[in-house]
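K.L.:
Sequence and computational prediction follow.
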Amino acid sequence: MEKVTSNMTYDIAIIGAGTSGLALAKSLEETGLNIAIIEKQPEDKLANPDYDGREIAITHLSHSVLNTLDMWHRIDTDAVSLIKNAKVLNGDSDYALHFSHKEAGEDNLGFMTSNHLIRKAAYESVKSGNIIKILSETEVTDIDTNNTHGILTLDNGDIIKAKLVVAADSRFSKTRDMMDVTTSKLPFERTCIVCKMDYEGEEQDTAMECFHYGRTLAVLPLTNKRCSVVITLDTDKAHEVLDMSPEALAQDIEKRIDGHLGKMVLTTKLFSYPLIGVHASKFYAQRYALIGDACVGMHPVTAHGFNLGLRGANTLANEIKNALAHGLDFGSYSVLKSYNQKHRKFTVPLYHGTNALVKLYTNETAPAKLIRHGLLKLGNRLKPAKNIITGLLTETDKAA
Ligand SMILES: Cc1cc2nc3c(=O)[nH]c(=O)nc-3n(C[C@H](O)[C@H](O)[C@H](O)COP(=O)(O)OP(=O)(O)OC[C@H]3O[C@@H](n4cnc5c(N)ncnc54)[C@H](O)[C@@H]3O)c2cc1C
């Protein structure tokens with residue numbers, strides 16, 4: 001039987017129900033705009049996303065945005081840990097650059113919780129408003145825009161028209177390419193392997209980032225003597241970790257952090273993410289805006305992809321609300337340009353700063369090793385520079 005297709009018109013069509021797309025939709029709920037989110041996953045996966053190994057470090061700004069969007073309280077407090085301190089180590093030296101919540105003038109540097117729990121909370125919050133339409137299990141296969149509308153073709157044959165199309169469709173955004181938005185892509189040729197481990201030592205609240213030679217290891221404190229272990233190494237060596245037995249891997253991590261957490265036990269499977277950095281040359285086109293990983297896909301070492309996604313969604317929502325308040329066309333070039341300018345002020349330095357850090361701390365020539373060590377020492381001594389870094393990474397006004 002031939003499938004009956006339909007044409008639907010909305011004010012805003014958002015592609016992708018990840019945290020960025022859902023946050024934008026929720027931020028605009030109060031405007032009364034007619035909004036649809038198009039998502040290729042089935043709705044039960046949005047309601048109960050699978051654990052994906054990602055434990056997200058959430059800044060103070062993101063925490064406050066998640067509160068405003070009625071999302072934060074939906075995450076069980078038992079599943080949220082507080083990072084009080086952070087230390088960065090280089091090579092085989094035990095000298096560390098320290099960051100403390102006291103220096104930042106806050107109770108903690110940031111919050112940690114699982115990506116799937118944030119996604120679940122974001123979905124529940126959007127659903128609870130009963131206003132935003134979610135078109136699930138369907139993919140955008142084509143996009144076109146004109147002076148007044150964006151036109152999306154879905155894989156089920158439906159056509160969606162909207163005054164503004166927002167792409168929150170991941171760092172591999174297909175619509176970004178269809179709209180000819182030039183994007184710089186940086187394949188790091190590194191893979192990030194993540195898992196959770198239990199430990200028997202004293203409960204910790206310090207995040208550790210160890211730039212060992214050849215691989216980077218982050219150990220991030222979770223609740224109930226659990227930690228997130230994040231190993232980054234050359235993609236062609238990833239099998240060395242992926243092929244280890246659970247016992248051998250736990251012992252290897254114990255050794256690499258000098259037994260700091262006591263005996264460790266692997267409690268999840270290993271998840272691996274090949275790393276690619278992405279930055280779009282502009283975050284808009286005619287009747288089209290990019291948010292989240294679709295506009296900037298970060299290397300996870302500075303833990304900022306999610307946080308930038310939330311910031312961008314918030315910035316775009318404010319621009320749209322401002323246009324509505326002044327009776328302006330919220331999908332016009334001037335509104336989108338203003339969003340682009342404001343958001344890039346944050347993404348450009350963070351993206352390039354993170355990539356420079358990755359380059360230096362994966363360079364194992366003798367001069368680079370010396371500079372790596374020297375920078376940690378300088379960081380501890382130069383308080384103003386350290387305050388700027390703390391401010392950028394925690395997104396608190398007090399720390400800057
Ligand atoms: C190992 C790891 C650790 C990380 N740790 C941190 C951290 O500590 N702090 C931090 O801030 N960030 C962190 N990040 C980054 C963070 O996870 C991402 O930046 C964030 O999840 C991106 O959200 P998003 O909504 O923009 O995109 P995504 O979560 O990728 O969502 C995109 C959505 O779009 C849908 N979609 C795609 N194409 C289409 C289409 N054509 N039609 C319909 N739907 C479509 C997808 O199904 C998906 O649901 C980490 C990332 C990794 C890999």
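P.N.:
Received it, and whenever you're ready, just let me know what you need. Residues are numbered from 1 along each chain as shown.

K.L.:
And the residue of the stretch 301-400 of the chain found nearest the ligand, its phi and psi?
P.N.:
Nearest residue of the stretch 301-400 of the chain to the ligand: G305, at 2.4 Å (Cβ to the nearest ligand atom). In this view, the C-beta of every residue, glycine as well, is placed from N, C-alpha and C. When read as degrees, to the nearest 10, the backbone of G305 gives phi -60, psi -50.

K.L.:
which one is it nearest to, not counting chain neighbours?
P.N.:
Closest residue in space to G305, ignoring its immediate chain neighbours: M298 at 4.3 Å, by Cβ to Cβ, 6 or more residues apart in numbering.

K.L.:
Off-centre distance for stretch 118-133?
P.N.:
19 Å (Cα atoms, centre = their mean, to the nearest Å).

K.L.:
if we look at it, which residues are touching it?
P.N.:
For stretch 118-133, the surrounding residues in contact (Cβ atoms under 8 Å, 6 or more residues apart in numbering) are 10, 17-19, 22-23, 25-26, 29, 32, 35-37, 46-49, 56, 58, 66, 69-72, 74-75, 134, 306.

K.L.:
change it to 7 Å
P.N.:
17-19, 22-23, 25-26, 29, 35-37, 46-49, 56, 69-71, 74-75 (Cβ atoms under 7 Å, 6 or more residues apart in numbering).

K.L.:
now the strands: where do they sit in the stretch 1-150 of the chain?
P.N.:
Along the stretch 1-150 of the chain, the stretches classed as strands by DSSP state E, counting those that start in this stretch are 7-15, 35-38, 55-58, 81-83, 85-90, 96-100, 110-114, 133-135, 140-145, 150-154.

K.L.:
Any idea which of those has the lowest pLDDT on average?
P.N.:
Lowest mean pLDDT within the strands of the stretch 1-150 of the chain: strand 96-100, at a mean of 78.

K.L.:
The stretch 51-200 of the chain against the ligand: which residues are in contact?
P.N.:
54, 56-57, 115, 139-140, 168-170, 174, 192, 194 (Cβ under 6 Å from any ligand atom).

K.L.:
The stretch 251-400 of the chain too?
P.N.:
Residues of the stretch 251-400 of the chain lying close to the ligand by Cβ under 6 Å from any ligand atom are 273, 292-293, 300, 303-307, 309.

K.L.:
quick one, what contacts the residue of the stretch 301-400 of the chain closest to the ligand?
P.N.:
293, 297-298.

K.L.:
which of those lies closest to S81?
P.N.:
S81 has its nearest neighbour among those in M298, at 21.6 Å by Cβ to Cβ.

K.L.:
The residue nearest the centre of the chain: which element?
P.N.:
For the chain, the residue nearest the mean C-alpha position is F306 (2.2 Å; Cα atoms, centre = their mean). According to DSSP states H and E, F306 maps onto helix 305-325.

K.L.:
For burial, what's the neighbour tally of the closest residue to the ligand within the stretch 1-150 of the chain?
P.N.:
Proximity of the stretch 1-150 of the chain to the ligand (Cβ to the nearest ligand atom) peaks at G18, 2.3 Å away. Per other Cβ atoms under 10 Å, the neighbour tally for G18 reads 25.

K.L.:
distance of it from F271?
P.N.:
As judged by Cβ to Cβ, to the nearest Å, G18 and F271 stand 16 Å apart.

K.L.:
now A167
P.N.:
Distance, A167 to F271, using Cβ to Cβ: 25 Å.

K.L.:
So those two - more neighbours on which side?
P.N.:
Counted by other Cβ under 10 Å, A167 and F271 do not tie: A167 has more neighbours, with 31 against 14.

K.L.:
Go ahead and confirm that one touches D177.
P.N.:
No: with contact defined as Cβ atoms under 7 Å, A167 does not reach D177; the gap is 10.3 Å.

K.L.:
Please identify every residue contacting each of the two.
P.N.:
Shared contacts of A167 and D177, defined by Cβ under 7 Å, 6+ apart, are absent.

K.L.:
quick one on the thing from earlier: ok, of the contacts of G305, which one's closest to the ligand?
P.N.:
Using Cβ to the nearest ligand atom, D293 comes nearest to the ligand of these, at 3.8 Å.

K.L.:
Leaving out the residues flanking it, which one is nearest to that closest one?
P.N.:
R171 (4.1 Å).

K.L.:
Using PDB, write out every CA atom in stretch 77-89.
P.N.:
Extracted C-alpha coordinates of stretch 77-89, given in PDB (Å, rounded to 0.1, in the frame of the first residue of the first chain):
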ATOM      1  CA  THR A  77      21.000  13.700  43.700                       C
ATOM      2  CA  ASP A  78      22.700  10.300  44.400                       C
ATOM      3  CA  ALA A  79      23.800  10.300  40.700                       C
ATOM      4  CA  VAL A  80      25.500  13.700  41.000                       C
ATOM      5  CA  SER A  81      29.000  14.200  42.400                       C
ATOM      6  CA  LEU A  82      30.800  17.500  43.200                       C
ATOM      7  CA  ILE A  83      34.300  18.100  42.000                       C
ATOM      8  CA  LYS A  84      36.000  20.100  44.700                       C
ATOM      9  CA  ASN A  85      39.600  20.100  43.300                       C
ATOM     10  CA  ALA A  86      41.400  19.200  40.100                       C
ATOM     11  CA  LYS A  87      45.000  18.300  39.400                       C
ATOM     12  CA  VAL A  88      46.900  18.000  36.200                       C
ATOM     13  CA  LEU A  89      50.100  15.800  36.000                       C
END
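
K.L.:
can you give me the offset of it from its chain's centre?
P.N.:
Taking Cα atoms, centre = their mean, one finds stretch 77-89 lying 17 Å from the centre of the chain it belongs to.

K.L.:
cool, stretch 340-355 as well?
P.N.:
14 Å.

K.L.:
List of residues touching that stretch?
P.N.:
Contacts with stretch 340-355, where a contact means Cβ under 7 Å, 6+ apart, come from 186, 277, 279, 282-284, 296, 298-299, 301-302, 304, 308, 311-312, 315, 392.

K.L.:
In helices, which of these fall?
P.N.:
Members of the contacts of stretch 340-355 lying in helices (criterion: DSSP state H): 308, 311-312, 315, 392.
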